[in-house]
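Undergrad: quick one: sequence plus predicted model below, questions after.
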Amino acid sequence: MKNKVQLIAYVDRLSGGGITELHQLLKGPLDGLFGGVHLLPFYYPINGSDAGFDPIDHTQIDPCLGSWADLKALGKDVDLIADLIVNHVSSASPQFMDFSEKGNASIYSNMFLTMNSIFPNGATESDLLAIYRPRPGLPFSYITLKNGEKRLLWTTFTPQQIDINVNNPQGWAYLQSVLQILHENNIHTVRLDAVGYAVKKAGSSCFMIPETFAFIETLAQQATALGIEVLVEIHSYYRRQIEIARQVDRVYDFALPPLILHAIFNHTAYYLKQWLDISPRNAITVLDTHDGIGVIDIGADSADPQAHPGLIPLKDLDALVERIHLNSKGESRLATGTAASNLDLYQVNCTFYDALGRNDHDYLLARAIQFFVPGIPQVYYVGLFAGENDMELLTKSGVGRDINRHHYTPEEIDQAIKRPVVQSLFDLIRFRNQHPAFNGSFSMPKSSDSTIIFRWDNGEHWAMLNVDFVSGSYSITNSPVEKTE
(Lines give C-alpha, C1' and ligand atoms only; values in the text may rest on other atoms or scores of the structure.)
Protein backbone atom coordinates (compact mmCIF):
# COMPACT_ATOMS: atom_id res chain seq x y z
CA MET A 1 0.00 0.00 0.00
CA LYS A 2 1.37 3.39 -0.98
CA ASN A 3 2.30 5.71 1.88
CA LYS A 4 -0.18 8.28 0.64
CA VAL A 5 -3.64 9.37 1.75
CA GLN A 6 -6.32 6.82 0.89
CA LEU A 7 -9.98 7.46 0.07
CA ILE A 8 -12.85 5.27 1.32
CA ALA A 9 -16.23 5.63 -0.36
CA TYR A 10 -19.39 4.01 -1.59
CA VAL A 11 -19.13 4.09 -5.37
CA ASP A 12 -22.64 5.37 -5.98
CA ARG A 13 -22.86 7.73 -2.99
CA LEU A 14 -19.75 9.67 -4.00
CA SER A 15 -19.88 9.59 -7.79
CA GLY A 16 -23.62 9.93 -8.24
CA GLY A 17 -23.29 7.01 -10.64
CA GLY A 18 -21.06 3.96 -10.97
CA ILE A 19 -17.42 2.93 -11.24
CA THR A 20 -16.88 4.84 -14.48
CA GLU A 21 -18.23 8.06 -12.96
CA LEU A 22 -16.03 7.58 -9.89
CA HIS A 23 -13.04 7.03 -12.18
CA GLN A 24 -13.77 10.32 -13.93
CA LEU A 25 -14.07 12.11 -10.59
CA LEU A 26 -10.68 10.78 -9.47
CA LYS A 27 -9.12 11.90 -12.76
CA GLY A 28 -10.89 15.25 -12.56
CA PRO A 29 -11.43 17.43 -9.45
CA LEU A 30 -9.88 14.82 -7.12
CA ASP A 31 -6.85 14.17 -9.34
CA GLY A 32 -3.65 13.49 -7.41
CA LEU A 33 -5.25 13.43 -3.97
CA PHE A 34 -5.22 9.70 -3.26
CA GLY A 35 -2.71 6.89 -3.40
CA GLY A 36 -5.48 4.31 -3.16
CA VAL A 37 -9.23 3.94 -2.93
CA HIS A 38 -11.23 1.63 -0.69
CA LEU A 39 -14.45 0.84 -2.53
CA LEU A 40 -17.07 -0.07 0.05
CA PRO A 41 -19.11 -3.14 -0.97
CA PHE A 42 -19.94 -2.97 -4.66
CA TYR A 43 -21.27 -6.52 -4.77
CA TYR A 44 -24.76 -7.53 -5.77
CA PRO A 45 -26.89 -6.01 -4.35
CA ILE A 46 -25.62 -2.72 -2.95
CA ASN A 47 -29.04 -1.84 -1.55
CA GLY A 48 -29.63 -4.82 0.74
CA SER A 49 -30.35 -4.71 4.47
CA ASP A 50 -26.88 -3.40 5.36
CA ALA A 51 -25.69 -1.14 2.51
CA GLY A 52 -23.90 -3.88 0.60
CA PHE A 53 -22.50 -5.78 3.57
CA ASP A 54 -25.03 -8.58 2.98
CA PRO A 55 -24.09 -9.73 -0.53
CA ILE A 56 -26.30 -12.17 -2.42
CA ASP A 57 -23.39 -12.79 -4.76
CA HIS A 58 -19.98 -11.78 -3.42
CA THR A 59 -18.40 -12.50 -6.83
CA GLN A 60 -20.67 -10.22 -8.89
CA ILE A 61 -20.55 -6.44 -9.14
CA ASP A 62 -23.98 -4.87 -8.88
CA PRO A 63 -24.86 -4.12 -12.55
CA CYS A 64 -26.00 -0.60 -11.63
CA LEU A 65 -22.37 0.19 -10.78
CA GLY A 66 -20.67 -1.38 -13.77
CA SER A 67 -18.55 -4.46 -14.41
CA TRP A 68 -15.31 -6.15 -13.41
CA ALA A 69 -13.80 -4.64 -16.58
CA ASP A 70 -14.66 -1.16 -15.25
CA LEU A 71 -13.05 -2.05 -11.95
CA LYS A 72 -9.88 -3.35 -13.61
CA ALA A 73 -9.63 -0.10 -15.58
CA LEU A 74 -9.90 1.91 -12.36
CA GLY A 75 -7.27 -0.33 -10.77
CA LYS A 76 -4.77 0.63 -13.46
CA ASP A 77 -4.84 4.24 -12.24
CA VAL A 78 -5.15 3.81 -8.48
CA ASP A 79 -4.56 1.00 -5.98
CA LEU A 80 -7.82 -0.60 -4.90
CA ILE A 81 -9.04 -1.97 -1.57
CA ALA A 82 -12.15 -4.14 -1.36
CA ASP A 83 -14.06 -5.89 1.39
CA LEU A 84 -13.96 -9.62 1.98
CA ILE A 85 -17.09 -10.08 4.07
CA VAL A 86 -15.92 -12.97 6.18
CA ASN A 87 -18.61 -13.56 8.76
CA HIS A 88 -21.83 -13.89 6.77
CA VAL A 89 -23.75 -13.93 3.49
CA SER A 90 -27.22 -12.81 2.54
CA SER A 91 -30.24 -14.97 3.33
CA ALA A 92 -31.01 -14.56 -0.41
CA SER A 93 -27.63 -15.97 -1.53
CA PRO A 94 -27.67 -19.03 -3.83
CA GLN A 95 -25.91 -21.08 -1.18
CA PHE A 96 -28.43 -20.32 1.55
CA MET A 97 -31.39 -20.66 -0.81
CA ASP A 98 -30.17 -24.17 -1.69
CA PHE A 99 -29.91 -25.00 2.01
CA SER A 100 -33.37 -23.54 2.64
CA GLU A 101 -34.92 -25.71 -0.06
CA LYS A 102 -33.08 -28.96 0.66
CA GLY A 103 -32.18 -28.77 4.35
CA ASN A 104 -29.62 -31.37 5.38
CA ALA A 105 -29.60 -32.77 1.84
CA SER A 106 -27.99 -29.56 0.56
CA ILE A 107 -24.25 -29.54 -0.10
CA TYR A 108 -24.27 -26.26 1.85
CA SER A 109 -26.06 -27.69 4.89
CA ASN A 110 -23.00 -27.31 7.09
CA MET A 111 -21.89 -23.97 5.65
CA PHE A 112 -24.28 -22.04 7.87
CA LEU A 113 -24.12 -21.90 11.63
CA THR A 114 -27.09 -22.93 13.70
CA MET A 115 -27.34 -22.68 17.46
CA ASN A 116 -27.17 -26.47 17.61
CA SER A 117 -23.93 -26.64 15.61
CA ILE A 118 -22.12 -24.75 18.37
CA PHE A 119 -24.16 -26.02 21.31
CA PRO A 120 -25.06 -29.62 20.36
CA ASN A 121 -25.86 -30.43 23.98
CA GLY A 122 -27.77 -27.23 24.59
CA ALA A 123 -26.64 -23.87 25.92
CA THR A 124 -26.80 -22.73 29.50
CA GLU A 125 -27.70 -19.21 30.54
CA SER A 126 -24.04 -18.53 31.31
CA ASP A 127 -23.05 -19.83 27.84
CA LEU A 128 -25.39 -17.34 26.17
CA LEU A 129 -24.47 -14.43 28.42
CA ALA A 130 -20.78 -15.01 27.65
CA ILE A 131 -21.30 -14.31 23.93
CA TYR A 132 -19.96 -10.87 23.03
CA ARG A 133 -22.63 -8.82 21.30
CA PRO A 134 -22.21 -5.66 19.18
CA ARG A 135 -25.98 -5.20 19.34
CA PRO A 136 -28.71 -6.00 21.87
CA GLY A 137 -30.20 -9.48 22.08
CA LEU A 138 -28.94 -12.95 21.29
CA PRO A 139 -27.16 -13.73 18.00
CA PHE A 140 -29.85 -16.11 16.72
CA SER A 141 -32.80 -15.77 14.37
CA TYR A 142 -35.78 -18.12 14.31
CA ILE A 143 -36.18 -18.97 10.63
CA THR A 144 -38.50 -21.34 8.80
CA LEU A 145 -36.72 -22.81 5.80
CA LYS A 146 -38.50 -23.24 2.46
CA ASN A 147 -38.69 -26.98 3.11
CA GLY A 148 -40.65 -26.31 6.27
CA GLU A 149 -37.88 -26.95 8.77
CA LYS A 150 -37.59 -24.52 11.66
CA ARG A 151 -34.04 -23.56 12.64
CA LEU A 152 -32.24 -21.22 15.02
CA LEU A 153 -29.61 -19.70 12.75
CA TRP A 154 -26.62 -17.73 13.96
CA THR A 155 -27.06 -14.12 12.82
CA THR A 156 -24.52 -11.81 14.48
CA PHE A 157 -25.87 -8.66 12.85
CA THR A 158 -29.29 -8.95 11.17
CA PRO A 159 -31.67 -11.81 10.27
CA GLN A 160 -30.75 -11.18 6.63
CA GLN A 161 -27.05 -11.85 7.31
CA ILE A 162 -26.52 -15.56 7.93
CA ASP A 163 -23.24 -16.45 9.64
CA ILE A 164 -20.87 -18.78 7.80
CA ASN A 165 -19.17 -21.78 9.34
CA VAL A 166 -15.67 -20.72 8.29
CA ASN A 167 -14.23 -24.04 9.48
CA ASN A 168 -16.48 -26.01 7.14
CA PRO A 169 -14.94 -26.98 3.75
CA GLN A 170 -17.79 -25.25 1.89
CA GLY A 171 -17.41 -22.10 3.97
CA TRP A 172 -13.65 -22.05 3.47
CA ALA A 173 -13.98 -22.73 -0.27
CA TYR A 174 -16.46 -19.86 -0.53
CA LEU A 175 -14.02 -17.39 1.04
CA GLN A 176 -11.18 -18.62 -1.16
CA SER A 177 -13.29 -18.19 -4.30
CA VAL A 178 -13.95 -14.55 -3.39
CA LEU A 179 -10.25 -13.94 -2.74
CA GLN A 180 -9.41 -15.40 -6.13
CA ILE A 181 -11.81 -13.20 -8.09
CA LEU A 182 -10.62 -10.09 -6.24
CA HIS A 183 -7.03 -11.01 -7.11
CA GLU A 184 -7.97 -11.43 -10.76
CA ASN A 185 -9.46 -7.94 -10.88
CA ASN A 186 -6.66 -5.68 -9.64
CA ILE A 187 -7.55 -5.61 -5.94
CA HIS A 188 -4.32 -4.90 -4.04
CA THR A 189 -5.71 -5.06 -0.49
CA VAL A 190 -8.66 -6.79 1.14
CA ARG A 191 -10.30 -5.69 4.33
CA LEU A 192 -11.51 -8.61 6.43
CA ASP A 193 -14.90 -7.29 7.43
CA ALA A 194 -16.43 -8.53 10.71
CA VAL A 195 -13.71 -11.17 11.01
CA GLY A 196 -13.61 -10.79 14.79
CA TYR A 197 -16.93 -12.66 14.99
CA ALA A 198 -16.06 -15.37 12.47
CA VAL A 199 -15.16 -18.21 14.85
CA LYS A 200 -17.66 -19.45 17.43
CA LYS A 201 -16.87 -21.78 20.29
CA ALA A 202 -19.09 -22.98 23.12
CA GLY A 203 -18.14 -21.52 26.47
CA SER A 204 -16.31 -18.55 24.96
CA SER A 205 -17.19 -14.97 24.03
CA CYS A 206 -17.22 -16.02 20.34
CA PHE A 207 -15.28 -12.83 19.59
CA MET A 208 -11.54 -12.53 19.03
CA ILE A 209 -10.84 -15.82 20.79
CA PRO A 210 -7.53 -17.65 20.19
CA GLU A 211 -9.12 -19.66 17.39
CA THR A 212 -10.09 -16.37 15.70
CA PHE A 213 -6.48 -15.24 15.67
CA ALA A 214 -5.45 -18.58 14.16
CA PHE A 215 -8.13 -18.28 11.49
CA ILE A 216 -7.05 -14.73 10.61
CA GLU A 217 -3.46 -15.90 10.27
CA THR A 218 -4.49 -18.73 7.91
CA LEU A 219 -6.71 -16.45 5.81
CA ALA A 220 -3.96 -13.83 5.65
CA GLN A 221 -1.53 -16.46 4.37
CA GLN A 222 -3.96 -17.33 1.58
CA ALA A 223 -4.24 -13.68 0.59
CA THR A 224 -0.49 -13.14 0.75
CA ALA A 225 0.03 -16.10 -1.59
CA LEU A 226 -2.09 -14.19 -4.13
CA GLY A 227 -0.11 -10.99 -3.61
CA ILE A 228 -2.93 -9.32 -1.68
CA GLU A 229 -2.33 -7.29 1.48
CA VAL A 230 -4.67 -7.82 4.43
CA LEU A 231 -6.36 -5.12 6.47
CA VAL A 232 -8.27 -6.26 9.56
CA GLU A 233 -11.29 -4.37 10.87
CA ILE A 234 -11.78 -4.92 14.60
CA HIS A 235 -13.68 -2.69 17.00
CA SER A 236 -12.59 -3.92 20.42
CA TYR A 237 -10.44 -3.32 23.47
CA TYR A 238 -7.31 -1.49 22.35
CA ARG A 239 -4.84 -4.19 23.37
CA ARG A 240 -6.50 -6.61 20.94
CA GLN A 241 -5.68 -4.19 18.14
CA ILE A 242 -2.05 -4.25 19.20
CA GLU A 243 -2.09 -8.04 19.30
CA ILE A 244 -3.73 -8.55 15.91
CA ALA A 245 -1.41 -5.96 14.31
CA ARG A 246 1.48 -8.37 14.78
CA GLN A 247 -0.22 -10.95 12.54
CA VAL A 248 -1.43 -8.97 9.53
CA ASP A 249 -0.28 -6.27 7.13
CA ARG A 250 -2.57 -3.51 8.41
CA VAL A 251 -5.05 -2.69 11.18
CA TYR A 252 -7.21 0.34 11.77
CA ASP A 253 -6.39 2.89 14.44
CA PHE A 254 -9.96 3.25 15.67
CA ALA A 255 -8.76 4.70 18.98
CA LEU A 256 -7.42 7.81 17.27
CA PRO A 257 -10.71 9.60 16.39
CA PRO A 258 -12.22 9.69 19.91
CA LEU A 259 -8.83 10.51 21.44
CA ILE A 260 -8.43 13.50 19.12
CA LEU A 261 -11.92 14.66 20.05
CA HIS A 262 -11.07 14.23 23.75
CA ALA A 263 -7.86 16.24 23.33
CA ILE A 264 -9.65 19.11 21.57
CA PHE A 265 -12.62 19.13 23.97
CA ASN A 266 -10.53 18.88 27.16
CA HIS A 267 -7.44 20.86 26.08
CA THR A 268 -5.07 18.03 26.93
CA ALA A 269 -2.80 15.77 24.92
CA TYR A 270 -2.09 13.43 27.84
CA TYR A 271 -4.18 10.43 26.75
CA LEU A 272 -3.45 10.90 23.05
CA LYS A 273 0.27 10.77 23.81
CA GLN A 274 -0.12 7.63 25.91
CA TRP A 275 -1.81 5.88 23.01
CA LEU A 276 0.73 7.01 20.41
CA ASP A 277 3.51 5.60 22.57
CA ILE A 278 2.09 2.08 22.06
CA SER A 279 -0.13 2.26 18.97
CA PRO A 280 0.57 -0.10 16.03
CA ARG A 281 2.75 1.48 13.38
CA ASN A 282 1.21 -0.60 10.60
CA ALA A 283 -2.10 1.19 11.00
CA ILE A 284 -4.63 2.80 8.71
CA THR A 285 -5.54 6.01 10.52
CA VAL A 286 -9.07 7.37 10.35
CA LEU A 287 -11.26 10.11 11.75
CA ASP A 288 -14.53 9.01 10.20
CA THR A 289 -15.76 5.83 8.54
CA HIS A 290 -18.95 4.38 7.04
CA ASP A 291 -19.73 3.32 10.62
CA GLY A 292 -19.86 5.63 13.61
CA ILE A 293 -17.23 7.12 15.91
CA GLY A 294 -15.90 4.26 18.00
CA VAL A 295 -16.30 4.27 21.76
CA ILE A 296 -15.33 0.73 22.65
CA ASP A 297 -11.91 1.33 21.09
CA ILE A 298 -10.84 3.56 23.98
CA GLY A 299 -13.04 2.00 26.67
CA ALA A 300 -12.28 -0.66 29.27
CA ASP A 301 -12.31 -4.36 28.45
CA SER A 302 -15.90 -5.46 29.02
CA ALA A 303 -14.68 -8.85 30.23
CA ASP A 304 -12.81 -7.31 33.18
CA PRO A 305 -13.07 -3.50 33.35
CA GLN A 306 -11.23 -3.22 36.67
CA ALA A 307 -8.17 -5.19 35.58
CA HIS A 308 -8.13 -3.78 32.05
CA PRO A 309 -9.13 -0.09 32.05
CA GLY A 310 -9.59 1.97 28.91
CA LEU A 311 -7.40 4.64 27.39
CA ILE A 312 -9.38 7.38 29.12
CA PRO A 313 -11.36 7.32 32.41
CA LEU A 314 -14.99 6.16 32.21
CA LYS A 315 -16.32 9.58 33.27
CA ASP A 316 -14.36 11.18 30.44
CA LEU A 317 -15.79 8.66 27.99
CA ASP A 318 -19.35 9.45 29.04
CA ALA A 319 -18.62 13.19 28.81
CA LEU A 320 -17.11 12.72 25.34
CA VAL A 321 -20.28 11.11 24.03
CA GLU A 322 -22.42 13.85 25.54
CA ARG A 323 -20.20 16.53 24.02
CA ILE A 324 -20.68 15.02 20.57
CA HIS A 325 -24.45 15.07 21.10
CA LEU A 326 -24.21 18.71 22.23
CA ASN A 327 -22.03 19.80 19.32
CA SER A 328 -24.35 18.13 16.82
CA LYS A 329 -27.37 19.86 18.40
CA GLY A 330 -28.80 16.50 19.39
CA GLU A 331 -28.72 15.05 15.88
CA SER A 332 -26.24 12.30 16.80
CA ARG A 333 -28.48 11.28 19.70
CA LEU A 334 -31.28 10.59 17.22
CA ALA A 335 -28.98 8.26 15.26
CA THR A 336 -27.29 6.43 18.10
CA GLY A 337 -28.23 3.45 20.26
CA THR A 338 -31.89 2.56 20.61
CA ALA A 339 -32.93 5.75 18.80
CA ALA A 340 -32.33 4.10 15.41
CA SER A 341 -32.35 0.66 13.85
CA ASN A 342 -29.18 -1.14 12.74
CA LEU A 343 -27.83 0.10 16.04
CA ASP A 344 -24.46 -0.67 17.52
CA LEU A 345 -23.46 -0.46 21.14
CA TYR A 346 -19.90 0.65 20.46
CA GLN A 347 -20.25 3.82 18.41
CA VAL A 348 -21.80 7.26 18.09
CA ASN A 349 -23.36 7.93 14.71
CA CYS A 350 -22.40 11.41 13.54
CA THR A 351 -20.18 13.03 10.93
CA PHE A 352 -16.82 14.04 12.36
CA TYR A 353 -17.41 17.60 11.19
CA ASP A 354 -20.63 17.80 13.21
CA ALA A 355 -18.97 16.11 16.19
CA LEU A 356 -16.70 19.17 16.25
CA GLY A 357 -19.65 21.55 16.01
CA ARG A 358 -18.87 22.37 12.36
CA ASN A 359 -15.79 24.27 13.48
CA ASP A 360 -13.51 24.57 10.44
CA HIS A 361 -10.39 25.32 12.48
CA ASP A 362 -10.83 22.33 14.80
CA TYR A 363 -11.67 20.08 11.86
CA LEU A 364 -8.46 20.96 10.03
CA LEU A 365 -6.51 20.56 13.28
CA ALA A 366 -7.93 17.05 13.66
CA ARG A 367 -6.93 16.21 10.09
CA ALA A 368 -3.43 17.60 10.60
CA ILE A 369 -3.00 15.33 13.63
CA GLN A 370 -4.30 12.35 11.65
CA PHE A 371 -1.88 13.01 8.81
CA PHE A 372 1.12 13.36 11.14
CA VAL A 373 0.65 10.32 13.40
CA PRO A 374 2.22 6.99 12.38
CA GLY A 375 0.27 5.05 9.78
CA ILE A 376 -1.35 5.61 6.41
CA PRO A 377 -4.22 8.12 6.53
CA GLN A 378 -7.61 7.22 5.12
CA VAL A 379 -10.31 9.85 4.49
CA TYR A 380 -14.00 8.96 4.28
CA TYR A 381 -15.83 10.55 1.37
CA VAL A 382 -18.23 12.53 3.61
CA GLY A 383 -15.29 13.81 5.64
CA LEU A 384 -13.47 14.78 2.44
CA PHE A 385 -16.15 17.42 1.90
CA ALA A 386 -16.50 18.29 5.62
CA GLY A 387 -19.96 16.81 5.31
CA GLU A 388 -22.83 17.49 7.68
CA ASN A 389 -25.31 15.06 9.21
CA ASP A 390 -27.86 13.82 6.68
CA MET A 391 -31.01 14.04 8.78
CA GLU A 392 -33.26 13.60 5.74
CA LEU A 393 -31.69 10.23 4.89
CA LEU A 394 -31.76 9.19 8.57
CA THR A 395 -35.47 10.02 8.81
CA LYS A 396 -36.21 8.19 5.58
CA SER A 397 -34.32 4.99 6.39
CA GLY A 398 -34.39 4.92 10.18
CA VAL A 399 -30.84 3.50 10.03
CA GLY A 400 -28.50 5.30 12.42
CA ARG A 401 -25.40 5.01 10.25
CA ASP A 402 -27.15 6.73 7.35
CA ILE A 403 -26.63 10.04 9.13
CA ASN A 404 -23.07 9.81 7.78
CA ARG A 405 -23.74 8.11 4.42
CA HIS A 406 -24.93 10.97 2.25
CA HIS A 407 -25.61 10.49 -1.48
CA TYR A 408 -23.67 13.29 -3.20
CA THR A 409 -24.87 14.60 -6.52
CA PRO A 410 -22.32 16.01 -9.01
CA GLU A 411 -23.69 19.48 -8.25
CA GLU A 412 -23.18 19.00 -4.50
CA ILE A 413 -19.60 17.87 -5.10
CA ASP A 414 -18.89 20.97 -7.19
CA GLN A 415 -20.25 23.21 -4.43
CA ALA A 416 -18.41 21.34 -1.65
CA ILE A 417 -15.05 21.62 -3.39
CA LYS A 418 -15.37 25.43 -3.45
CA ARG A 419 -15.62 25.67 0.35
CA PRO A 420 -12.45 27.05 2.01
CA VAL A 421 -12.34 24.24 4.59
CA VAL A 422 -12.37 21.66 1.81
CA GLN A 423 -9.71 23.48 -0.20
CA SER A 424 -7.53 23.63 2.93
CA LEU A 425 -8.06 19.90 3.47
CA PHE A 426 -7.02 19.23 -0.13
CA ASP A 427 -3.83 21.22 0.52
CA LEU A 428 -3.12 19.15 3.64
CA ILE A 429 -3.63 15.93 1.67
CA ARG A 430 -1.22 17.05 -1.04
CA PHE A 431 1.35 18.05 1.57
CA ARG A 432 1.10 14.63 3.28
CA ASN A 433 1.42 12.86 -0.07
CA GLN A 434 4.30 14.88 -1.47
CA HIS A 435 6.68 15.75 1.37
CA PRO A 436 9.57 13.23 1.56
CA ALA A 437 9.79 13.47 5.36
CA PHE A 438 6.78 11.16 5.78
CA ASN A 439 8.78 8.30 4.27
CA GLY A 440 11.25 8.59 7.13
CA SER A 441 11.11 8.15 10.91
CA PHE A 442 8.55 9.47 13.39
CA SER A 443 9.25 11.04 16.76
CA MET A 444 7.21 12.76 19.43
CA PRO A 445 9.47 15.19 21.32
CA LYS A 446 8.62 15.74 24.98
CA SER A 447 6.24 18.58 25.72
CA SER A 448 3.68 19.63 28.33
CA ASP A 449 0.38 17.77 28.76
CA SER A 450 -1.44 20.58 26.95
CA THR A 451 0.76 20.45 23.86
CA ILE A 452 1.92 17.85 21.41
CA ILE A 453 4.72 17.82 18.84
CA PHE A 454 5.05 15.39 15.95
CA ARG A 455 8.19 15.27 13.84
CA TRP A 456 9.16 13.29 10.74
CA ASP A 457 12.75 13.06 9.50
CA ASN A 458 14.06 11.59 6.28
CA GLY A 459 17.65 12.61 5.60
CA GLU A 460 17.70 16.34 5.00
CA HIS A 461 13.91 16.46 4.85
CA TRP A 462 11.76 17.10 7.92
CA ALA A 463 8.21 18.10 8.81
CA MET A 464 6.80 19.07 12.19
CA LEU A 465 3.34 19.69 13.68
CA ASN A 466 3.13 21.69 16.89
CA VAL A 467 -0.25 21.85 18.67
CA ASP A 468 -1.31 23.83 21.74
CA PHE A 469 -4.66 22.41 22.89
CA VAL A 470 -5.27 25.22 25.40
CA SER A 471 -5.23 27.97 22.81
CA GLY A 472 -6.31 25.66 20.00
CA SER A 473 -3.47 26.90 17.83
CA TYR A 474 -1.30 24.70 15.63
CA SER A 475 1.46 25.15 13.10
CA ILE A 476 3.16 23.06 10.45
CA THR A 477 6.80 23.72 9.63
CA ASN A 478 8.92 21.77 7.18
CA SER A 479 12.02 21.67 5.08
CA PRO A 480 11.62 23.07 1.57
CA VAL A 481 11.02 20.66 -1.27
CA GLU A 482 12.10 21.38 -4.80
CA LYS A 483 9.16 21.29 -7.16
CA THR A 484 9.51 18.97 -10.11
CA GLU A 485 7.87 19.71 -13.43
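TA: Structure's in. What do you need?

Undergrad: which parts of the stretch 201-350 of the chain are helices?
TA: Secondary structure of the stretch 201-350 of the chain by DSSP state H, counting those that start in this stretch: the helices cover 210-225, 238-245, 256-266, 270-278, 314-327, 331-335.

Undergrad: centre of the chain to the second one, how far?
TA: Read it as helix 238-245. 15 Å (Cα atoms, centre = their mean, to the nearest Å).

Undergrad: who are the packing partners of that helix?
TA: helix 210-225, strand 250-253 (3 or more Cβ pairs under 8 Å, 6 or more residues apart in numbering; DSSP states H and E). In short, each C-beta sits where N, CA and C put it, glycine included.

Undergrad: most tightly surrounded among the ones you listed?
TA: Stretch with highest mean neighbour count among those: strand 250-253 (a mean of 25; mean count of other Cβ atoms under 10 Å).

Undergrad: can you list the residues that contact it?
TA: Identification of contacts with strand 250-253 by Cβ atoms under 8 Å, 6 or more residues apart in numbering yields 1, 189, 229-234, 241, 244-245, 279-280, 282-286, 373, 375-376.

Undergrad: average model confidence for that strand?
TA: For strand 250-253, mean pLDDT is 94.

Undergrad: tell me how far that strand lies from the chain's centre.
TA: Counting by Cα atoms, centre = their mean, strand 250-253 comes out at 9 Å from the chain centroid.

Undergrad: stretch 85-103 too?
TA: 25 Å.

Undergrad: first-to-last residue distance for that stretch?
TA: Criterion Cα to Cα, to the nearest Å; first-to-last residue distance in stretch 85-103 is 24 Å.

Undergrad: just stretch 262-282 next, same as before
TA: Length of stretch 262-282, first residue to last, Cα to Cα: 23 Å.

Undergrad: buried ones in that stretch?
TA: When burial is assessed from 16 or more other Cβ atoms under 10 Å, stretch 262-282 yields the following buried residues: 262-266, 268-269, 271-273, 275-276, 279-280, 282.

Undergrad: circling back to that earlier point, turn the helices of the stretch 201-350 of the chain into a markdown table, including mean pLDDT and distance to Gly292.
TA: Converted to a markdown table, the helices of the stretch 201-350 of the chain look like this (pLDDT from 0 to 100; distance: least, Cβ to Cβ, whole Å):
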| stretch | mean pLDDT | distance to Gly292 |
| --- | --- | --- |
| helix 210-225 | 93 | 23 |
| helix 238-245 | 88 | 17 |
| helix 256-266 | 97 | 10 |
| helix 270-278 | 97 | 19 |
| helix 314-327 | 94 | 10 |
| helix 331-335 | 93 | 8 |
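
Undergrad: and Glu21, which of those is closest to it?
TA: Evaluated over these, closeness to Glu21 peaks at helix 331-335, with 28.0 Å, by Cβ to Cβ.

Undergrad: if we look at the closest one, which residues are touching it?
TA: Around helix 331-335, the neighbours that count as contacts under Cβ under 8 Å, 6+ apart are 292, 324-325, 339-340, 348-350, 354-355, 389, 391, 394, 400-403.

Undergrad: let's see it at 10 Å
TA: 292-293, 321-322, 324-326, 328, 339-340, 342-343, 348-351, 354-355, 388-391, 394-395, 398-404 (Cβ atoms under 10 Å, 6 or more residues apart in numbering).

Undergrad: and that helix, what's buried?
TA: Across helix 331-335, burial judged by 16+ other Cβ under 10 Å covers 331-335.

Undergrad: how about stretch 36-49?
TA: Buried, per 16+ other Cβ under 10 Å, within stretch 36-49: 36-46, 48-49.

Undergrad: tell me which of the contacts of helix 331-335 fall in strands.
TA: The members of the contacts of helix 331-335 that map onto strands under DSSP state E are 293, 348.

Undergrad: drop anything exposed from the contacts of helix 331-335.
TA: 292-293, 321, 324-325, 328, 340, 342-343, 348-351, 354-355, 388-390, 394, 399-404.

Undergrad: let me see the contact set for His323.
TA: Careful, residue 323 is Arg; it's not His. 261-262, 264-266, 355-357 are the contacts of Arg323 under Cβ under 10 Å, 6+ apart.

Undergrad: per-domain residue ranges of the chain.
TA: Under the assignment automatic domain parsing, the domains of the chain span 6-85+169-440, 94-162.

Undergrad: and Gly440, how far from Phe371?
TA: 15 Å (Cβ to Cβ, to the nearest Å).

Undergrad: Ser91 too?
TA: Using Cβ to Cβ, Ser91 is found at 41 Å from Phe371.

Undergrad: and if you look at Pro136?
TA: 37 Å.

Undergrad: which of these two has more neighbours?
TA: More crowded of Pro136 and Phe371, by other Cβ atoms under 10 Å: Phe371, with 23 against 10.

Undergrad: check contacts around that one.
TA: By Cβ under 10 Å, 6+ apart, Phe371 lies in contact with 5, 285, 377, 379, 425, 428-429, 431-433, 438, 454, 463, 465, 476.

Undergrad: nearest to Ala123, of the residues you listed?
TA: Nearest to Ala123 among the contacts of Phe371, counting by Cβ to Cβ, is Thr285 at 39.7 Å.

Undergrad: list the contacts of the closest one.
TA: For Thr285, the contacting residues are 5-6, 252-254, 256-257, 279, 369-379, by Cβ under 10 Å, 6+ apart.

Undergrad: phi, psi of the nearest residue in space to it that is not next to it in sequence?
TA: In this structure, Thr285 finds its nearest non-sequential neighbour in Gly375, 4.2 Å apart by Cβ to Cβ, 6 or more residues apart in numbering. Taking degrees, to the nearest 10, you get phi 120, psi 180 for the backbone angles of Gly375.

Undergrad: what's the neighbour count on Gly375?
TA: Each residue near Gly375 was counted by other Cβ under 10 Å, and the total is 22.

Undergrad: and if you look at Thr124?
TA: Applying other Cβ under 10 Å, we find 12 residues neighbouring Thr124.

Undergrad: so it is in contact with Ala130, correct?
TA: Yes: between Thr124 and Ala130 there is a contact under Cβ atoms under 10 Å: 9.3 Å.

Undergrad: residue nearest the centroid of this protein?
TA: Of all residues in the chain, the one closest to the mean position by Cα atoms, centre = their mean is Thr289, 5.4 Å from it.

Undergrad: reformat the helices of the stretch 201-350 of the chain as CSV; add distance to Gly203.
TA: Shown next, in CSV, are the helices of the stretch 201-350 of the chain (distance: least, Cβ to Cβ, whole Å):
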stretch, distance to Gly203
helix 210-225, 12
helix 238-245, 19
helix 256-266, 32
helix 270-278, 31
helix 314-327, 29
helix 331-335, 36
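
Undergrad: quick one: closest of those to Gly472.
TA: Here helix 256-266 is closest among the helices of the stretch 201-350 of the chain (Cβ to Cβ), at 7.6 Å.

Undergrad: Lys418 versus Leu33, what's the distance?
TA: Separation of Leu33 from Lys418 (Cβ to Cβ): 16 Å.

Undergrad: and Asp253, by the same measure?
TA: Counting by Cβ to Cβ, the separation of Asp253 from Lys418 is 31 Å.

Undergrad: now swap in Leu175 and tell me
TA: Counting by Cβ to Cβ, the gap from Leu175 to Lys418 is 44 Å.

Undergrad: okay, those two: which has more neighbours?
TA: The neighbour comparison of Leu175 against Lys418 (other Cβ under 10 Å) goes to Leu175, with 19 against 8.

Undergrad: helices - which of the buried residues of stretch 36-49 land there?
TA: Judged by DSSP state H, the buried residues of stretch 36-49 include no members of helices.
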